[in-house]
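J.: dropping the sequence and predicted coords here.
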Amino acid sequence: MQEDKFKRILRVGESRCIDFKINCQALQRRNLGANAELAKDICAMANNGNVLSHIIIGVSDDGKSFCSVKNPGLTDDNLQDFTKRAITPPPRVKLLKRKYTNTNRRYKGKQLVIVKVGPQARQAFRLNRDFIDYKQKTCYRKNEVWLRRGATSDLATPEEIARLVSGDTPFKEESGIERTVFTRVPRKDQREAVLRDLSMIADNMGGRLVRQSNDQAPARLCLPFARGMVVLKVLTGMKFAHRFSIWRSVCNHWSYEHGVLIISLGGVAERTFPYGGRCEIHAKERWGWFTLLGTDDLEFTSPDIRLTLNFPVPENSSEGNLFILTIPNVKDTDQMSKRLRAMNDSILKEPVYSTVVQQTRKKTKGNLERWLQQGWLLDTGRREDHRPTRLNDNEVFNKRLYGDKVLVRERWQDLHTAARAVIQLSRK
């Protein structure tokens with residue numbers, strides 16, 4: 001965890017997704033009480049579902065006092081083994097040790113332990129064993145389901161457990177977002193209403209919506225997916241019915257984010273997608289469609305239509321992917337929230353989707369970093385058997401890498417800014 005993020009967590013304080021512990025003697029033998037407390041808190045945070053949660057050891061409850069953690073049992077191997085035995089189904093957890101030295105803050109040089117929990121598909125995580133020691137006043141029983149209520153862990157009620165088992169959020173009023181019926185909003189205000197509520201939903205899911213300086217430009221949605229933050233370009237519309245209309249929207253607005261999220265207030269026709277031969281994956285899910293394309297397959301020309309990217313794919317790029325997440329018939333805020341969470345759960349549960357998202361994120365990051373360093377190399381159309389005696393300004397010839405092509409180095413300022421933004425957002 002980078003120090004900037006750690007400072008933001010300290011400013012926010014304890015919450016549903018953040019818990020501070022000044023000391024923790026768990027993961028050691030003969031310390032049933034500490035083990036029970038850790039199991040209870042991990043179980044509660046696992047039931048946050050598709051939200052990344054943190055337990056930070058070495059920080060006081062008020063976030064103002066710090067101490068070095070000296071417990072030798074707090075290792076990632078021990079934690080993985082412990083959660084497999086203590087909680088069912090085993091949640092996704094990761095233990096990190098951090099020491100911030102280049103700072104003048106009070107935590108300078110302190111050895112802190114950070115336990116990351118989730119994100120994971122929504123289900124009912126519960127204790128897998130009894131933790132009972134009456135001398136230590138400890139009594140946690142097998143199959144208890146724990147939840148986070150604000151900054152504390154609490155037992156779930158039968159109604160909340162039923163909601164978790166069905167894949168829903170445990171609390172009826174969890175989002176705290178006033179319901180908006182988008183189809184009743186004046187047409188000119190619908191996009192703004194969708195983005196306003198999407199921003200609040202993203203905050204509840206552990207992500208955020210990033211608006212651009214031009215309010216009419218598409219926003220970017222950052223969400224925790226598959227062990228990393230993924231950046232999506234957000235496109236909205238009343239409906240998508242015309243041939244290739246989704247494909248055209250992606251070509252016009254995509255600027256090398258990891259993927260594109262399309263929210264349609266009406267229906268989405270099958271003919272609006274890239275035709276089947278170009279889609280590596282095109283699957284219908286209960287929340288919408290998951291579509292995977294190679295970036296080289298986006299541009300398309302036929303006798304009656306021509307689709308070209310706003311920024312062509314450079315020659316100095318490795319094979320890349322783009323996934324499109326399409327959510328149709330979004331009538332109101334509640335429906336948008338449920339489908340976004342179902343989409344997140346689907347990607348986390350389905351290994352193919354999870355792998356695609358992770359690989360796309362990695363490939364995109366590599367390409368963006370390469371282009372920022374080398375520039376965007378585009379084909380001029382000229383071919384040379386040997387190195388030309390003279391090259392124009394910004395032209396490049398490298399027979400080993402690019403064959404007989406003469407390339408030109410472009411430095412689009414808009415894409416340059418977008419590339420830096422995607423790399424920065426994916427780290428947070």
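T.: That came through fine. Numbering: from 1, shown residues only.
J.: give me the buried stretch members for the strand ranked longest in the chain, please.
T.: Criterion DSSP state E: the longest strand present in the chain is strand 228-237. By neighbour count, and taking 16 or more other C-beta atoms under 10 Å as the criterion, the buried residues in strand 228-237 are 229-237. All C-beta spots, glycine's among them, are computed from the backbone N, C-alpha and C.
J.: ok, now stretch 192-212?
T.: Judged by neighbour count using 16+ other C-beta under 10 Å, the buried positions of stretch 192-212 are 193-195, 197-202, 204-207, 209-210.
J.: same question, stretch 146-156
T.: Judged by neighbour count using 16+ other C-beta under 10 Å, the buried positions of stretch 146-156 are 146-148, 153, 156.
J.: could you dump these to a markdown table with distance to L112 and pLDDT?
T.: What follows is the buried residues of stretch 146-156, written out as a markdown table (distance: C-beta to C-beta, whole Å; pLDDT from 0 to 100):
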| residue | distance to L112 | pLDDT |
| --- | --- | --- |
| W146 | 24 | 95 |
| L147 | 26 | 93 |
| R148 | 21 | 91 |
| S153 | 21 | 92 |
| A156 | 30 | 92 |
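J.: residues contacting the closest residue in space to L79 that isn't next to it in sequence?
T.: Leaving aside its sequence neighbours, L79 sits nearest to L95 (C-beta to C-beta, 6 or more residues apart in numbering; 4.6 Å). Counting by C-beta atoms under 8 Å, 6 or more residues apart in numbering, L95 touches 74-76, 79, 113-116.
J.: list the neighbouring strands of the longest strand of the chain plus their orientation.
T.: Strands flanking strand 228-237 in the sheet, each with its direction: strand 220-225 (antiparallel), strand 259-264 (parallel) (DSSP bridges).
J.: what's next to the first one, contact-wise?
T.: In other words, strand 220-225. In this structure, residues lying in contact with strand 220-225 by C-beta under 8 Å, 6+ apart are 50-52, 118-119, 198, 202, 205-210, 212, 229-234, 257, 261, 344, 347-348, 354, 357, 361, 421-422, 425-426, 428.
J.: tell me the secondary structure for D189?
T.: The assignment at D189 comes out as helix when based on DSSP: H, G, I helix; E, B strand; the rest coil.
J.: what's the burial count for it?
T.: Using other C-beta atoms under 10 Å, D189 has 11 neighbouring residues.
J.: can I get the strands paired with strand 228-237 in CSV with distance to R8?
T.: As requested, the strands paired with strand 228-237 are arranged in CSV below (distance: least, C-beta to C-beta, whole Å):
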stretch, distance to R8
strand 220-225, 14
strand 259-264, 24
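J.: any chance of those strands in JSON lines, with mean pLDDT and distance to I246 too?
T.: Formatted as JSON lines, these follow (pLDDT from 0 to 100; distance: least, C-beta to C-beta, whole Å):
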{"stretch": "strand 220-225", "mean pLDDT": "84", "distance to I246": "17"}
{"stretch": "strand 259-264", "mean pLDDT": "93", "distance to I246": "6"}
